[in-house]
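Undergrad: I'll drop the sequence and a predicted model, then ask my questions.
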Amino acid sequence: MTFSCKMIGFWFVLVTAMNLELTPAVLAAPATPIEAQTIADHFSSIKSMSGDFVQSGPKSEKTSGKFFLQRPGKIRFNYAGQSGISVIADGKSLVVYNKKLKTSRLYALSKTPLKLLIDNNVDFSGKRFKGITEEGSLWSVRLADKTAFGSAKIDMKFDRKSLDLRKWILTDERGQTTTITISNVKEGVRIAEGTFKIDYAANRENNTNSKSR
């Protein structure tokens, strides 16, 4: 399987809930611990950031690149190397774009776990909150939300002193994990205009061309 197919497959895990039939919960959600609320408030206060990332897949494969985040709803991952892959959210949609193969896949941002990272007010409450634990120098916050990512779970790791985000781990319904670790993070940065722009016309053209092959 090519790298581009793997990437599209990974990001497709984020939107599996679009095909789920949901059953209303009948149990009241537990109160959010003060530690989790404090982390959520701190993370929400960071309106923009940029830095490097390393992605580790379920078979220990690694890729890296640059990321840019701007609240509300905007994030971009530019993968290094020859893949030509970028993942962009513009506040409404998320696209996985492969420049080399001229393919793209468009999804509703509301149906992906990334929405939980880039909302204007990060929410670690209600039924999606599954717990917070201490892991050495980190806080680990676990979230699970069928309306956002089906049977998958996401664990967000925050520094216990600064409360800054360090990494997140996505566990899919088969128990396979993908880890995104961020570094060289700068907060409160000005991000170039157009960074989060999605070319919807190009996306339609890419998908029309791929179907005709």
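TA: That came through, no problem. Residues are numbered from 1 along each chain as shown.
Undergrad: when you work out contacts or count neighbours from here on, use the C-alpha atoms and nothing else.
TA: Noted.
Undergrad: and residue 42, that's in a helix?
TA: Yes: per DSSP: H, G, I helix; E, B strand; the rest coil, residue 42 lies within a helix segment.
Undergrad: which pLDDT does the model give it?
TA: Residue 42 carries a pLDDT value of 96.
Undergrad: how about the contacts made by the closest residue to it other than its chain neighbours?
TA: Among residues not flanking residue 42 along the chain, residue 163 sits closest, at 7.0 Å (C-alpha to C-alpha, 6 or more residues apart in numbering). Shown in contact with residue 163 (C-alpha atoms under 8 Å, 6 or more residues apart in numbering): 39, 42, 43.
Undergrad: out of those residues, which is nearest to residue 93?
TA: Residue 93 has its nearest neighbour among the contacts of residue 163 in residue 43, at 21.9 Å by C-alpha to C-alpha.
Undergrad: what sits against the closest one?
TA: Counted by C-alpha under 8 Å, 6+ apart, residue 43 has contacts 122, 163, 164, 165.
Undergrad: how does it look with 7 Å?
TA: By C-alpha atoms under 7 Å, 6 or more residues apart in numbering, the contact list for residue 43 reads residue 164.
Undergrad: before we move on, the earlier item: and the gap between the residue nearest to residue 42 and residue 145?
TA: With distances taken as C-alpha to C-alpha, to the nearest Å, residue 163 is found 23 Å from residue 145.
Undergrad: which residues of this protein fall in helices?
TA: Per DSSP state H, the chain carries helices over the ranges 3-13, 34-45, 114-118, 146-149, 200-212.
Undergrad: so which residue is dead centre in the protein?
TA: Geometric centre of the chain, nearest residue: residue 114, 3.1 Å, by C-alpha atoms, centre = their mean.
Undergrad: ok, and the closest non-adjacent residue to residue 171?
TA: Distance criterion C-alpha to C-alpha, 6+ apart; nearest residue to residue 171, sequence neighbours excluded, is residue 177 at 4.4 Å.
Undergrad: hmm, residue 154 and the one you found touching each other?
TA: No: taking C-alpha atoms under 7 Å as the definition, residue 177 is not a contact partner of residue 154, at 9.4 Å.
Undergrad: neighbour count: these two, which is higher?
TA: residue 154 (24 against 18; other C-alpha atoms under 10 Å).
Undergrad: who does the longest strand seen in the chain pair up with?
TA: The longest strand of the chain (DSSP state E) is strand 177-187. Strand 177-187 has the following strand partners under DSSP bridges: strand 48-56 (antiparallel), strand 165-171 (antiparallel).
Undergrad: reformat these as a markdown table; add mean neighbour count.
TA: Shown next, in a markdown table, are the strands paired with strand 177-187 (neighbours: other C-alpha atoms under 10 Å):
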| stretch | mean neighbour count |
| --- | --- |
| strand 48-56 | 19 |
| strand 165-171 | 21 |
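Undergrad: export these to TSV and append columns for distance to residue 197 and mean pLDDT.
TA: Formatted as TSV, the strands paired with strand 177-187 follow (distance: least, C-alpha to C-alpha, whole Å; pLDDT from 0 to 100):
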stretch	distance to residue 197	mean pLDDT
strand 48-56	16	97
strand 165-171	24	94
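Undergrad: out of those, flag the one nearest residue 135.
TA: Per C-alpha to C-alpha, nearest to residue 135 of the strands paired with strand 177-187: strand 165-171, 12.5 Å.
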